[in-house]
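**Student:** How does the following fold in three dimensions:
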Amino acid sequence: MVNIPPGIKKYRWFKQLRRFRNYMRDSYKSYKHRTVMWIRESEFVENIKGDYKLTEEQKKELYNSVIQESHKHALYDFDHKSPLVSIIIVNRNGLDHLKRLFKDFASNVQYPSYEIIVVDNASQDNSVAFLEELSNVLPLKLIRNKDNQSFSRSNNQGAEIAEGKYLLLLNNDVEPTHGWLNHMMRSATQSGDVGAVGAKLVYPDCSQSRLNRRNSFKIQHEGIAFKEEDGFIKPYNWGNGEPFSVGELVDEARAAVTGAALLVEKEKYFQVDGLDEGYIYGYEDVDFCLKLLKKGYNNIYCPRAVLFHYEFGTQEKHKKKNIKTWRLNNQKIFRERWNKWLRRELLMDKLNCGYVFSDKPLKVAFVVTETGENASAGDYFTATSLAKSFQKYGWETSYLSRVESEDWYYVEGDVDVLISLLDAYDIRKIRSENNLLIKMAWPRNWLDRWMFYYPDFAEFDLVMATSETACEYIKQKTGRDVFLLPLATDPDIFNSQVEGNEDWMCDYCFTGSYWNDPREIVDILDPESLPYTFKLYGKNWEEFEKFKPYYEGFVPYQRMPEIYRSTKVVVDDANRVTKRYGSVNSRVFDAIASGVLVVTNGDIGAEETFKGILPVYRSKEDLNQLLEFYLSHEEERKAKIKELQEFVLSHHTYDQRAEKIKDVLESYIWKRKMAIKIPAPSWEEVEEWGDYYLALGLKKELERNDCEVILQVLPEWEGDGDARCDSVLVLRGLSRYQPKPQHFNMMWNISHPDDVTIEEYNQYQHVFIASEYWASEIAKKVDVPVDVLLQCTDPELFYPDPDDKYKHDLLFVGNSRGVHRKIIKDLLPTDEELAVYGAGWEGLIDKKYIKGEHIPNKELRKAYSSCKILLCDHWDDMRDKGFLSNRLFDASACGAFIISDNVKGIEDVFGDAVVTYEDSIDLKSSIQYYLHGNIEIENKMKYDKDYYTYEKSVEILLKYINLG
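**Tutor:** The predicted structure follows:
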């Protein structure tokens with residue numbers, strides 16, 4: 001389902017020209033009707049090389065060319081009944097700007113019904129006197145503010161007293177050209193669903209500007225587009241810095257336009273509450289347009305309305321400190337409000353080539369072995385076929401070649417989707433400026449190598465596989481969802497109309513190379529035993545004596561259609577890395593599309609992909625029988641070819657694969673995304689941190705609820721790896737995180753509450769605390785919502801499962817972190833059989849107690865289920881403030897008998913299911929009683945173990961994620 005704001009479609013027809021521009025990759029020069037307004041272009045370009053210095057004559061010539069062009073556009077005949085337009089101009093000490101603006105104002109407007117409202121913000125120059133004198137000749141009202149108000153507040157003031165049906169926000173530092181308001185009003189009155197209308201803004205002479213000196217008389221604004229930058233979906237001027245040109249004069253849909261010249265109906269202006277006064281000279285116009293867009297209106301760029309904009313001269317006069325403060329304030333507001341929505345709209349706009357939020361289409365890069373006419377690797381041919389189908393959507397494509405690329409891991413910033421066809425490509429090494437890059441894996445063979453030889457497999461955003469068996473295998477081994485995407489064919493290349501080649505004519509053939517890896521065809525295929533002509537094509541078959549008489553050498557992929565059209569039957573040999581997973585080779589689809597019969601040894605793939613209609617051989621005898629039957633029964637062969645060809649063309653073309661990928665990408669773009677911040681210091685040490693397993697449990701349940709989750713260890717917290725995420729959950733233990741304004745930020749305070757300040761809590765949109773008592777205390781002191789969220793367990797991992805390996809009287813599992821743990825300190829020395837598992841205990845306790853540094857998480861249930869008594873304790877601040885250890889929940893789910901130090905609130909959750917002690921004497925007495933008092937030790941758990949699960953915790957989290 002394409003997500004297009006209401007009414008946008010009617011403006012889409014002219015977008016084909018812009019698609020053509022991008023496809024040709026020759027920006028602005030490929031339009032059929034484009035007229036570039038450079039005078040004596042070649043001479044001019046030669047003169048402006050280097051420092052881009054213009055002579056006074058050149059400046060005048062370029063300026064006049066813009067003015068003259070504006071007179072060529074036909075004007076609409078508005079009469080005296082035309083709607084009144086209230087032109088609102090904000091001014092502060094802008095006398096020079098006002099003089100330029102109003103120099104030929106009346107003659108340039110070319111619209112019969114308007115009023116002017118100037119909001120002056122305590123000007124100290126002669127602006128007010130100039131305006132008062134001007135009011136004698138123009139319909140001008142003046143609002144005089146005693147203080148310097150913001151752009152938003154000033155425009156809202158003007159709008160409040162405006163009498164017009166339309167409002168035109170106009171900067172004082174513009175110089176309009178002929179008919180500008182006429183053209184904008186024509187665009188505004190075309191349809192009732194038009195929101196804001198913007199104009200083409202052109203740079204004036206910028207030779208004195210620090211930032212824009214090379215932009216003199218170039219385009220400054222043709223609407224607002226968006227791009228990702230450091231996690232921020234940032235607005236920028238469409239067309240900025242490109243040569244001034246007439247281009248297409250048809251209105252174009254835009255997500256937003258600049259407030260330097262913005263026309264909108266007054267009713268619609270107030271319908272979205274005008275300009276947001278939280279902004280200070282920046283982003284308020286973009287924010288306003290997006291509010292209109294979400295309301296269902298369409299913002300329009302009118303290319304016929306042309307104005308010079310001297311913005312650079314105004315902004316460069318402001319103090320750098322003020323500009324920085326304003327920018328940070330504005331970005332914070334804008335990110336919090338729009339980042340999540342814009343990220344999805346931007347990607348969907350690219351996906352559908354809408355050219356509303358972006359001036360670029362989606363770009364896909366394929367990771368392949370090699371490229372070019374002499375390529376022999378099948379992955380390249382697969383990629384080029386799929387790329388061709390992508391290009392029909394208007395997408396751009398490129399290749400990262402293992403053989404030819406200078407830097408295989410540098411991905412250009414304009415690439416939106418990367419599809420890797422090679423297991424050797426390590427996506428952790430990718431360098432790209434695009435933090436929204438979607439990384440897809442397409443394992444067509446060597447599945448175990450993909451999953452186990454290269455640790456980056458888990459970091460792919462999407463995984464596709466070529467058979468149902470392969471999808472299920474990957475899911476079983478990794479736990480992640482995989483979508484089915486078999487190989488396919490391109491019927492434009494492989495079809496029955498291709499002419500065969502007399503030199504290649506034969507009864508049956510095999511196409512494929514030998515790479516020193518076992519192939520069944522070596523033993524099964526025996527051309528001498530059959531009275532039919534045979535040819536063999538590919539690389540490296542010369543070493544087999546039996547095939548030498550039939551070997552034709554390597555044939556380029558481009559000529560494969562001729563090969564297939566020159567034979568009657570193609571023998572397919574699914575090798576060992578494809579056959580067992582049910583993958584079907586490209587040659588099967590290509591040959592069948594060419595109108596040729598295929599017989600295969602890939603029985604699983606034939607059944608899954610071809611529903612049993614593809615002939616299968618399992619032995620030399622099977623193959624010979626199939627060949628003899630179909631080569632001696634022409635009608636049966638033709639009938640089978642017809643059946644197979646209809647099936648392939650109906651279900652297995654690359655156009656259909658492209659459509660599937662497009663649907664999957666759309667689903668991925670709309671999916672909720674969360675980053676979980678784990679305080680582990682590195683991925684190498686992550687398995688030693690309990691927070692990691694907490695994060696894994698949450699990730700599993702969140703993904704079951706259609707939420708994409710990325711996990712980040714401490715060094716990754718501050719980067720842009722979470723740029724695609726809507727929300728962030730920080731597992732707050734020892735480390736503090738600085739929340740980013742573009743996210744809905746949640747803290748789950750699971751330990752070390754003494755390290756968390758009130759100021760830190762207040763930086764989040766929502767706080768969860770793993771203690772009933774402490775949550776109630778903090779809720780009284782902070783300004784953000786606080787909820788209790790106790791730690792929990794995963795009943796799929798933790799359940800009774802005893803193992804003699806862990807049969808101990810007393811068991812303690814936990815790291816020392818260089819200090820004595822309370823329960824161990826209170827217990828030792830002891831004559832009881834004690835087993836301690838954890839890191840850092842050497843030198844602190846007698847080594848006879850130490851049984852290992854680590855118990856794998858998947859084995860913890862065995863340890864908890866097998867001991868007679870499990871010992872559990874808490875850090876001092878956790879005990880005093882009621883933070884219950886996750887070990888209590890996991891071990892109880894395994895049926896363990898637990899003795900723990902006395903934590904505030906433990907009885908409220910566990911009742912008498914956990915025995916608690918007060919001091920060393922009490923601990924030793926309890927152990928003596930339960931171990932040797934002839935008391936049968938069993939789990940006394942009475943609490944609702946089904947409630948304290950990841951499933952229930954995620955239900956709570958999702959309520960707030962959805963709100964955020």
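**Student:** What residues sit buried inside the helix ranked longest in the chain?
**Tutor:** Among the segments of the chain that qualify as a helix by DSSP state H, the longest is helix 320-351. Under the neighbour-count criterion of 16 or more other C-beta atoms under 10 Å, helix 320-351 has 326, 329-331, 333-335, 337-340, 342-351 buried. C-beta: built from backbone N, CA, C; applies to glycine.
**Student:** and it, what other elements does it pack with?
**Tutor:** Using 3 or more C-beta pairs under 8 Å, 6 or more residues apart in numbering; DSSP states H and E as the contact criterion, the secondary-structure elements in contact with helix 320-351 are strand 224-229, strand 232-237, helix 284-295, helix 654-670.
**Student:** Now do the helices in the stretch 801-950 of the chain.
**Tutor:** Secondary structure of the stretch 801-950 of the chain (DSSP state H, counting those that start in this stretch): helices located at 822-827, 860-866, 876-880, 886-893, 906-910, 920-932, 950-963.
**Student:** Dump the fourth one to PDB, restricted to CA.
**Tutor:** Only the C-alpha atoms of helix 886-893 are listed here, as PDB (Å, rounded to 0.1, in the frame of the first residue of the first chain):
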ATOM      1  CA  ASN A 886      16.500 -11.400  37.900                       C
ATOM      2  CA  ARG A 887      18.000 -14.600  39.400                       C
ATOM      3  CA  LEU A 888      15.000 -14.800  41.800                       C
ATOM      4  CA  PHE A 889      12.600 -15.000  38.900                       C
ATOM      5  CA  ASP A 890      14.700 -17.300  36.700                       C
ATOM      6  CA  ALA A 891      15.500 -19.700  39.500                       C
ATOM      7  CA  SER A 892      12.000 -19.800  40.800                       C
ATOM      8  CA  ALA A 893      10.700 -20.700  37.300                       C
END
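**Student:** And for it, what's in contact with it?
**Tutor:** Defining contact as C-beta atoms under 8 Å, 6 or more residues apart in numbering, one finds that helix 886-893 is touched by 690, 694, 750, 790-795, 797-799, 813-814, 860-861, 864, 870, 872, 898, 900, 906, 910, 913-914, 939, 941, 943, 945, 948.
**Student:** Pairing partners for the longest strand along the chain, with directions?
**Tutor:** Longest strand of the chain, by residue count under DSSP state E: strand 298-309. Taking DSSP bridges as the criterion, strand 298-309 forms sheet pairs with strand 174-176 (antiparallel), strand 194-202 (parallel), strand 252-254 (antiparallel).
**Student:** So for Pro531, which of these sits nearest?
**Tutor:** Across these, the minimum distance to Pro531, taken as C-beta to C-beta, is reached by strand 252-254, at 67.9 Å.
**Student:** what's downstream of that closest one, the next helix or strand?
**Tutor:** Taking DSSP states H and E as the definition, the helix or strand that follows strand 252-254 towards the C-terminus is strand 261-265.
**Student:** Could you list the paired strands of that next one along with their orientation?
**Tutor:** Paired strands of strand 261-265, with direction, are strand 166-171 (antiparallel), strand 194-202 (antiparallel) (DSSP bridges).
**Student:** okay, those strands in TSV with mean neighbour count, mean pLDDT and distance to Pro856 next?
**Tutor:** Conversion of these to TSV gives the following (neighbours: other C-beta atoms under 10 Å; pLDDT from 0 to 100; distance: least, C-beta to C-beta, whole Å):
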stretch	mean neighbour count	mean pLDDT	distance to Pro856
strand 166-171	25	98	64
strand 194-202	28	98	58
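**Student:** Let me have the ones you listed in TSV, extended by distance to Ile419.
**Tutor:** TSV is the format used below for the strands paired with strand 261-265 (distance: least, C-beta to C-beta, whole Å):
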stretch	distance to Ile419
strand 166-171	45
strand 194-202	37
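**Student:** can you tell which of those is closest to Lys321?
**Tutor:** Comparing these against Lys321 with C-beta to C-beta, the closest turns out to be strand 166-171 (23.0 Å).
**Student:** For the closest one, which outside residues touch it?
**Tutor:** Outside of strand 166-171, the residues within contact range by C-beta under 8 Å, 6+ apart are 83-90, 101, 114, 155, 158-159, 181, 184-185, 188, 259-266, 269, 285, 309, 311, 314.
**Student:** what angle separates that strand from helix 284-295?
**Tutor:** For strand 166-171 and helix 284-295, the angle between their directions (axes from the mean of the first three to the mean of the last three C-alpha atoms, to 10 degrees) works out to 150 degrees.
**Student:** so how far is strand 166-171 off the chain centroid?
**Tutor:** Shown here is strand 166-171, whose average C-alpha point lies 36 Å from the average C-alpha point of the whole chain (C-alpha atoms, centre = their mean, to the nearest Å).
**Student:** Kindly report the same for stretch 75-93.
**Tutor:** Here the centre of stretch 75-93 is set off from its chain's centre by 43 Å, with C-alpha atoms, centre = their mean.
**Student:** ok, the residue nearest to Phe610 when sequence neighbours are not counted to Asp572 distance?
**Tutor:** With C-beta to C-beta, 6 or more residues apart in numbering as the criterion, Phe610 has its nearest non-adjacent residue at 6.8 Å, and that residue is Phe647. Using C-beta to C-beta, to the nearest Å, one obtains 15 Å as the distance from Phe647 to Asp572.
**Student:** Show me which of those two is the more surrounded one.
**Tutor:** When neighbours are counted by other C-beta atoms under 10 Å, Phe647 and Asp572 differ, and Asp572 comes out ahead with 25 against 16.
**Student:** Count the residues that sit near the closest residue in space to that one that isn't next to it in sequence.
**Tutor:** The spatially closest residue to Asp572, leaving aside those adjacent along the chain, is Thr600, at 3.9 Å (C-beta to C-beta, 6+ apart). For Thr600, the neighbour count with other C-beta under 10 Å is 24.
**Student:** Surely Thr600 touches Thr609?
**Tutor:** No. At 10.3 Å, Thr600 does not count as touching Thr609 under the criterion of C-beta atoms under 8 Å.
**Student:** That'll do, ta.
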